[in-house]
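Peer 1: Provided below for reference: sequence and predicted model.
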Amino acid sequence: MATSKHSEIPVVLVGCGAISRFFYAPALTALALPEALRVAALVDPSEENRGHLAEFFPEARSFGSIEDAGIGSSHLVIVASPPRFHARQSIHALERGAAVLCEKPMAGSVEDAEAMAAAAAAGGILAVGLYRRFFPACEAIRGIIQKQTLGQLRSFEVNEGGPFSWQAASESFFRRASTPGGVLYDTGVHTLDLLLWWLGDPSAFVYEDDAMGGLEANCRLALEYSDGCRGEVRLSRDWKTENRYTFFFERGFVRWTVNEADRLEICLDGMPASVRGNLVPMTRTGDLLLEHGKARTNPQSFIEQLRNLSATMRGEEELRVPAAEGLRSLRLIDRCYGKRKLMEIPWLTPHEAEQAQRLASSEGKEVASP
Amino acid sequence: MKVAVVGASGFVGMRIVESFILGKVAEVVPVVRSFSSLAVLSRFDLPWKVCDALDVSHLASAFSGCDAVIHAALGDPMQIVSMADAIYAAAQQAGVKRIVALSSASVHGLAPAPGTTEESPLHDRHSSDYNNAKVRAERVMLKLREKGSVELVLLRPSIVYGPRSRLLANVARQLLDGTAFLVGDGGGICNGIYVDNLIQAICRSLESKQGDGEAFLLTDAETVTWRTFYTRVADGLGVSIDSVQRVSAPTFQRSFKERIESLVATPLAQRLLPAVPGQAKRLTKVLLAGLKEPPRPNAWTLPTSPAAVVDEEMSTLQQCTWKYSSEKAAKALGYAPPVTFEEGMRRSMAWLGTAGYPLK
């Protein structure tokens, strides 16, 4: 699987929608020289979508389906299509010996994700696009929790989301028949991945959301851990939230604003105010402190996940987010949906609340009629 | 009854859909302009339509088979006027029986003169382009009604509040960060209407055989001051109303940029604009974008509390001395607000809690 350090890696970009245009295209352009990544093929059923990406990569060949793209063992395949296609496309590439980076959520179901992991098990490379793990701020939070720098973590609060602003290209993203979940599945996959990475599996949880025959726009997850730590996650694609994660430790608190890859706020007990600012990579040898430039920004973290994958293909690094890690958040989401309750919608009249309960518990089978 | 709701993803539109489905009031066809607007509506499994609200044939196809259309769509001043035209024409084409269009009490201005009723003459020389656009949109629809066969009820709700309301969220945020203000002692009249009361008026308008070609002012039953409104929110958040900054009635002068933008929004300018070369338009936009007053920083000041953010819209609203009457809607449509101000505020505050605001 590993190729020589200086040999070119041909890239196949599967799915030419917004994520590819606004994230993968600039990331691949940035890595073209340092990592010798060359976009060789663009795959999307829409010719118009392929045309947008061809503006970045005019030399790339264009295909309507992955089966026609001639994928082989030297390829790096990026799967950035809608999640319900991830399993089929990733397995197709893995079976031909290609390395795969699959966008989050890893698959449309746990079963599909397990099939993908199985396809990669025999020495294949399957990375999952949970790129927040590459944020220096998220790495720092993990260190503070695991080394108990501020003592034991007692509790945490996560408030994330806001009015939906992603330019969805079709209604499939909002139909239960074509998408397994709403805000928990879409935004929550990042949130739960970080929590699992930082804290491990919860010992108990309560999950509720506002789906009434469709997909949830708001949800609340209360978590408990075996060491006594408790946490609450609130996600919304409906209204503005603080977009903050707050961790309360024995001797202080840490706050992180969503997507600020290189910034953090820390308050130690006894300090008159908290410290909020940019992270600076630094090493210490005795009394000698050495700064090493600036911490990675959000786009640089996205680039870093691709660089980690190409370095893994070359046998130089370990893959940081392999399939087994991507599966963890998907399994927890699946368990949440399995225990779903309707969350309180306190502005409904009693009559409306009853009907809401009926629609939620019948999973949309009942059709409201006058 | 099957009803198309144009603007179903807005604050009022969303509650109309929620309330109609959960209350089994009518079969609903939400009409929105983009797929992204389905994010919250998709909590329900619905036969929504995604189409351009200015395209008559798209709209007519969305309205097909509907008995009525509720027009609750928002937009910029130009869109507000153009949508009125397109929605009426599409309803006519689709054979819809009645349109219930949400205009606004702001057609009478933000601080109406005492004695203002539905019969008071309207003008489109308000300082707000939004208010002027609402006046023009009403005129467009009423004119179309004269020639067309689709019945038209124009509702003029006052300040709509409730779950997901921007007004409520703004007041709460300003109370929490110390930038809220009251003009004088806050004794100005808050012509509020809880969103469910507006929905009751919409339902009555759909059911009634009366009201065609008429406009109706709508408010809550109670007369409430701004001080009372702010106090309810402040109490819920555990903020003392005494900490809210009091300001005297400010005057606002429009900047050069605002005056140009307002001029461009007038119907005459809109008719002339196509003749202006694109390069000249782009150059004007660039020049206007650069017309921001430079900040004047001064490091030699004592630390201060946050200053009140006094905007023209809120300060004008707070100077209102006239309580609108909903008597005409009561008589013609049978409007009788089912939710009291106290209950409306209780439900509104409960939403703030759900949305993560720190209730005490």
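Peer 2: Perfect, thanks for sending it.

Peer 1: need the residues of the stretch 151-300 of chain A near chain B, please.
Peer 2: A:159, A:163-171, A:173-176, A:182, A:210-218, A:234, A:236-242 (CB under 8 Å from any CB of the partner chain). For glycine as for every other residue, the C-beta is placed from the backbone atoms N, C-alpha and C.

Peer 1: which members of those are classed as buried?
Peer 2: Buried residues within these, counting neighbours by 16 or more other CB atoms under 10 Å in any protein chain shown: A:159, A:163-164, A:168, A:173-174, A:176, A:182, A:210-218, A:234, A:236-239, A:241-242.

Peer 1: list the buried ones in stretch B:52-66?
Peer 2: B:Ala53, B:Leu54, B:Val56, B:His58, B:Leu59, B:Ala60, B:Ala62, B:Phe63, B:Ser64, B:Cys66.

Peer 1: domain parsing of chain A, as residue ranges.
Peer 2: Domains of chain A are assigned by automatic domain parsing as A:9-132+A:301-321, A:136-260+A:262-295, A:340-370.

Peer 1: ends of the second one, what's the gap?
Peer 2: By that I understand domain A:136-260+A:262-295. 6 Å (CA to CA, to the nearest Å).

Peer 1: could you do the first one as well?
Peer 2: End-to-end distance of domain A:9-132+A:301-321: 20 Å, with CA to CA as the criterion.

Peer 1: so is that domain next to chain B?
Peer 2: No: using CB under 8 Å from any CB, domain A:9-132+A:301-321 never reaches chain B; the gap is at least 10.7 Å.

Peer 1: which of the buried residues of stretch B:52-66 sits closest to A:Ile71?
Peer 2: B:His58 (40.4 Å; CB to CB).

Peer 1: secondary structure element for A:Tyr207?
Peer 2: strand A:204-209 (DSSP states H and E).

Peer 1: elements contacting that strand?
Peer 2: helix A:183-186, strand A:218-224, helix A:323-338, strand A:341-342 (3 or more CB pairs under 8 Å, 6 or more residues apart in numbering or on different chains; DSSP states H and E).

Peer 1: and if we set it to 6 Å?
Peer 2: Under the contact criterion of 3 or more CB pairs under 6 Å, 6 or more residues apart in numbering or on different chains; DSSP states H and E, strand A:204-209 touches strand A:218-224.

Peer 1: which outside residues touch the strand it packs on?
Peer 2: A:183-184, A:202-210, A:230-236, A:238, A:343 (CB atoms under 6 Å, 6 or more residues apart in numbering or on different chains).

Peer 1: strand partners of it, parallel vs antiparallel please.
Peer 2: strand A:204-209 (antiparallel), strand A:230-236 (antiparallel) (DSSP bridges).

Peer 1: average pLDDT across the longest one?
Peer 2: Think strand A:230-236. Averaged over strand A:230-236, pLDDT sits at 98.

Peer 1: how about the lengthiest strand in chain A, which residues are buried there?
Peer 2: Longest strand in chain A, counting residues (DSSP state E): strand A:153-161. Applying a neighbour-count criterion of 16+ other CB under 10 Å, one finds A:Leu153, A:Ser155, A:Phe156, A:Glu157, A:Val158, A:Asn159, A:Glu160, A:Gly161 buried in strand A:153-161.

Peer 1: just how off-centre is that strand within its chain?
Peer 2: Its chain's C-alpha centre and that of strand A:153-161 lie 17 Å apart, by CA atoms, centre = their mean, to the nearest Å.

Peer 1: what of stretch B:61-81?
Peer 2: 14 Å.

Peer 1: end-to-end on that stretch?
Peer 2: End-to-end distance (CA to CA), stretch B:61-81: 21 Å.

Peer 1: buried stuff in it?
Peer 2: B:62-64, B:66-75, B:77-81.

Peer 1: picking up where we left off before, quick one: closest of the strands paired with strand A:218-224 to B:Ser36.
Peer 2: Nearest of the strands paired with strand A:218-224 (CB to CB): strand A:230-236, 14.7 Å.

Peer 1: partners of the very next helix or strand once past the closest one in the sheet?
Peer 2: Proceeding N to C from strand A:230-236, the next assigned helix or strand is strand A:244-249, under DSSP H and E. Looking at strand A:244-249 with DSSP bridges, its partner strands are strand A:153-161 (antiparallel), strand A:252-257 (antiparallel).

Peer 1: what comes up buried for strand A:244-249?
Peer 2: So for strand A:244-249, counting by 16+ other CB under 10 Å, buried means A:Arg244, A:Tyr245, A:Thr246, A:Phe247, A:Phe248, A:Phe249.

Peer 1: residues touching the nearest residue to A:Val254 once chain neighbours are set aside, list them.
Peer 2: Computed as CB to CB, 6 or more residues apart in numbering or on different chains, the closest residue to A:Val254 that is not its neighbour in sequence is A:Phe247, at 4.6 Å. Listed by CB under 6 Å, 6+ apart, the contact partners of A:Phe247 are A:Leu153, A:Phe156, A:Val254.

Peer 1: surely the first one meets A:Ile145?
Peer 2: Yes: in this structure, A:Leu153 is within contact of A:Ile145 by CB atoms under 6 Å, at 5.4 Å.

Peer 1: quick check: the residue in the stretch 101-250 of chain A positioned nearest to chain B vs B:Val40, distance?
Peer 2: Closest contact between the stretch 101-250 of chain A and chain B, by CB to the nearest CB, is at A:Phe164 (3.3 Å). For A:Phe164, the distance to B:Val40 equals 7 Å [CB to CB, to the nearest Å].

Peer 1: same question for A:Ile125.
Peer 2: 39 Å.

Peer 1: who's more crowded, the two?
Peer 2: B:Val40 (28 against 20; other CB atoms under 10 Å in any protein chain shown).

Peer 1: and that one, which helix or strand is it part of?
Peer 2: helix B:38-41.

Peer 1: which other residues reach that helix?
Peer 2: So helix B:38-41 is contacted by A:Phe164, A:Phe174, A:Ala217, A:Arg237, A:Asp238, B:Ala8, B:Ser9, B:Pro30 (CB under 6 Å, 6+ apart).

Peer 1: just checking, what packs against the lowest-mean-pLDDT helix or strand in chain A?
Peer 2: Of all helical and strand segments in chain A, the minimum by mean pLDDT, DSSP states H and E falls on helix A:18-19, at a mean of 90. Packing partners of helix A:18-19 (3+ CB pairs under 6 Å, 6+ apart): none among the helices and strands.

Peer 1: contacts for that helix?
Peer 2: Helix A:18-19 has contacts (CB under 6 Å, 6+ apart) with A:Ala80, A:Gln167.

Peer 1: which stretches of the chain form helices?
Peer 2: Just so you know, I chose chain A. A:18-19, A:25-31, A:47-54, A:86-95, A:110-121, A:136-146, A:183-186, A:188-199, A:298-313, A:323-338, A:350-361 (DSSP state H).

Peer 1: meant chain B actually
Peer 2: Going by DSSP H, chain B shows helices at B:11-22, B:38-41, B:56-63, B:77-94, B:129-147, B:166-177, B:195-207, B:226-237, B:256-264, B:267-272, B:278-289, B:312-317, B:327-333, B:341-354.

Peer 1: what packs against the fifth one?
Peer 2: Pointing back at helix B:129-147 there. By 3+ CB pairs under 6 Å, 6+ apart, helix B:129-147 packs against helix B:77-94, strand B:151-157.

Peer 1: a markdown table for these, including distance to A:Leu130?
Peer 2: Compiled in a markdown table, the helices and strands packed on helix B:129-147 are given as follows (distance: least, CB to CB, whole Å):
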| stretch | distance to A:Leu130 |
| --- | --- |
| helix B:77-94 | 40 |
| strand B:151-157 | 46 |
